[in-house]
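Colleague: 3D, please:
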Amino acid sequence: QVQLVESGGGLVQAGGSLRLSCAASGRTFSTYAMGWFRQAPGKDREFVAAISWSGYSTYYADSVKGRFTISRDNAKNTVPLQMNSLKPEDTAVYYCARQKWVGGVGKSQYDYEDWGQGTQVTVSS
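Modeller: Have a look, this model is predicted:
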């Protein structure tokens, strides 16, 4: 099992930037793909970005492609999410999670477990 703690959320104006971080504990962290998801009030949790165990492969939702960048540092057990050109529709609670199995990179929340507690991102217009 991996314990995950998100941080870096806050209030920012449209067009601004935030850098979220996901800190992981557990010796198996580097074995698994990791993902970022978000959930806005009244909406389902949705995929934002994911990264393979090696960091070589990354995937993004169409809504954030070109604005968000996911990365990972397996030596430090962290998965940052750099968010640029933020829009009001990016407002949500952001969660990181570990993929349930080794290999491949899932894009569904049902592919992931060990969810963090989330960090609030609010983008004002």
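
Colleague: quick one, strands of this protein?
Modeller: Counting by DSSP state E, the chain has strands at residues 3-7, 10-13, 18-25, 34-39, 46-51, 58-60, 68-70, 81-83, 92-99, 112-113, 119-124.

Colleague: need the contact list for the most centrally placed residue in the chain.
Modeller: The chain has residue 36 as the residue nearest its centroid, 2.1 Å off, counting by C-alpha atoms, centre = their mean. The contact partners of residue 36, by C-beta atoms under 8 Å, 6 or more residues apart in numbering, come to 20, 22, 48-50, 70, 79, 81, 94-96. In short, each C-beta sits where N, CA and C put it, glycine included.

Colleague: what about residue 113, how many neighbours?
Modeller: Around residue 113 there are 14 other residues, counting by other C-beta atoms under 10 Å.

Colleague: looking at it, it is touching residue 95, isn't it?
Modeller: No - the pair residue 113 and residue 95 does not pass the contact test of C-beta atoms under 8 Å, sitting 11.5 Å apart.

Colleague: quick one on the thing from earlier: tell me which of the contacts of residue 36 is nearest to residue 106?
Modeller: Comparing the contacts of residue 36 against residue 106 with C-beta to C-beta places residue 50 closest, at 6.9 Å.

Colleague: Can you name the residues bridging to the closest one?
Modeller: Note on residue 50: beta-bridge partners by DSSP bridges are residue 35, residue 59.

Colleague: which among the contacts of residue 36 end up buried?
Modeller: Buried by 16 or more other C-beta atoms under 10 Å: 20, 22, 48-50, 70, 79, 81, 94-96, out of the contacts of residue 36.

Colleague: circling back: and the strands of the chain: which comes nearest residue 105?
Modeller: strand 46-51 (4.9 Å).

Colleague: okay, residue 27: pLDDT?
Modeller: Listed pLDDT for residue 27 reads 68.

Colleague: before we move on, back to that, in TSV, list the strands of the chain along with distance to residue 106.
Modeller: Output for the strands of the chain, formatted as TSV (distance: least, C-beta to C-beta, whole Å):
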stretch	distance to residue 106
strand 3-7	16
strand 10-13	28
strand 18-25	16
strand 34-39	7
strand 46-51	7
strand 58-60	9
strand 68-70	14
strand 81-83	17
strand 92-99	5
strand 112-113	7
strand 119-124	21
